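# What shape does this take:
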Amino acid sequence: MSIFICPICQSPLVPAADTWRCDGSLNPKNTCHPFDVARQGYVNLLPVQQKKSKAPGDSSDSILARKRFLAAGYYQPLQDLLCERIQSILPQDGARKNKESVTWLDIGCGEGYYTGAIAQTKGIDRLIAADISKAAVLEVAKASKAAKRLWLEADKLDDGKATIYPIVTSAAHLPLSNNSLMGISSIFSPILPTAFNDVLQQGGYVVIAKPDISHLASVREALFDEVREHNSDKFLTELVPFFDLLETHKVSTELSLSEQALADLLTMTPYAYRAQPDKRRALLAKAAAASFNTEARFVVYILKKRPL
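As a prediction, the model looks like this:
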């Protein structure tokens, strides 16, 4: 069974080196829809009718700012925690049923900082990196190719780690077969209970990372007259019909930021457009004079799909 389905007619979609093509079996006209593979190795599975703007998702500036910020290791403790918990829930070789392949989805993958680390986790065969931003998926594809993990080189990979499939898609219209995934990671990304439930296998997992209370508190206090606390677990009630909450973990890290690092942090968050320009300039001027200190605080939830 094909993991991927056509985003237009939902027929099985078959990956190939040059063009992914559906078999048209669910199309009333029996037409096969083609999706070309970009030269960088990603595939755009976001039809025009699913777009709400010409270039949906994060901009190139936001993606590159996040890439610089995360490459500096500021959020390394969160990355470590995520990989540790994902490793703990994955079936290892001896526990796999009929040597079945394990497919994982990193939804809203951004530029791929967490995706690349999850791909190193033993026990995942295919890792689908999905985002609605083409600029983001382009970065994932380039990084995956450099790491020799890109799906186009799947026949060369035999180290027991994941092959990465970068795709542009809408989280609300996942081009994936029902019951095809072992797990989904959503790191500061959309939570769609019904869509997640549909594509997950029985006993599959959802790993969610969100900002915790007082995340970047000093940054928000400098930018806004009224600071609203993050309500990290507000979405959990929406997941109750489909999933059981197994674990909750918290991690925090102290940050000492230069003007450039702080500028990148602001650009990669909603603060970039919510903050008043004069307050933003004043905060950056403060960081230019001396490193700006703040604390990043995160909460990670592990949930499991309920049996029918």
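# Buried residues, stretch 298-306. List them.
By neighbour count with 16 or more other Cβ atoms under 10 Å, stretch 298-306 contains the buried residues 298-305. In this view, the C-beta of every residue, glycine as well, is placed from N, C-alpha and C.
# And for stretch 34-53?
So, applying 16+ other Cβ under 10 Å, buried residues of stretch 34-53: 35, 37, 41-47.
# Any regions of the protein where pLDDT drops low?
For the chain, the stretches with pLDDT under 70 are 1, 51-55, 92-99, 154-160, 230, 232.
# Now find how far off-centre stretch 251-258 is within its chain.
22 Å (Cα atoms, centre = their mean, to the nearest Å).
# Go ahead and produce CSV holding the CA coordinates of that stretch.
C-alpha atoms of stretch 251-258 as CSV (Å, rounded to 0.1, in the frame of the first residue of the first chain):
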residue,chain,number,x,y,z
VAL,A,251,12.6,21.7,30.0
SER,A,252,14.1,25.1,30.3
THR,A,253,17.3,26.8,29.3
GLU,A,254,18.9,30.2,30.1
LEU,A,255,19.7,32.3,27.1
SER,A,256,22.3,35.1,26.7
LEU,A,257,21.6,36.7,23.4
SER,A,258,23.6,39.1,21.2
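# just to revisit the earlier point, go through the buried residues of stretch 34-53 and flag which are in strands.
Counting by DSSP state E, the part of the buried residues of stretch 34-53 found in strands is 35, 43-44.
# Now do the contacts for the residue lying closest to Gln120 once chain neighbours are set aside.
Nearest residue to Gln120 in three dimensions, chain neighbours excluded: Lys161, at 5.7 Å (Cβ to Cβ, 6 or more residues apart in numbering). Contacts for Lys161 (Cβ atoms under 8 Å, 6 or more residues apart in numbering) come out as 119-122, 124, 149.
# out of these, which one sits closest to Pro193?
Comparing those against Pro193 with Cβ to Cβ places Ile124 closest, at 22.7 Å.
# Tell me how far that closest one lies from Ala16.
22 Å (Cβ to Cβ, to the nearest Å).
# Check Gly123 too.
For Gly123, the distance to Ala16 - Cβ to Cβ - is 27 Å.
# now Glu238
Glu238 is 37 Å from Ala16, by Cβ to Cβ.
# I figured Arg220 hits Val227, correct?
Yes - Arg220 lies in contact with Val227 (Cβ atoms under 8 Å); the separation is 4.9 Å.
# Between the two, tell me which one has more neighbours.
Higher neighbour count among Arg220 and Val227: Arg220, with 20 against 12, using other Cβ atoms under 10 Å.
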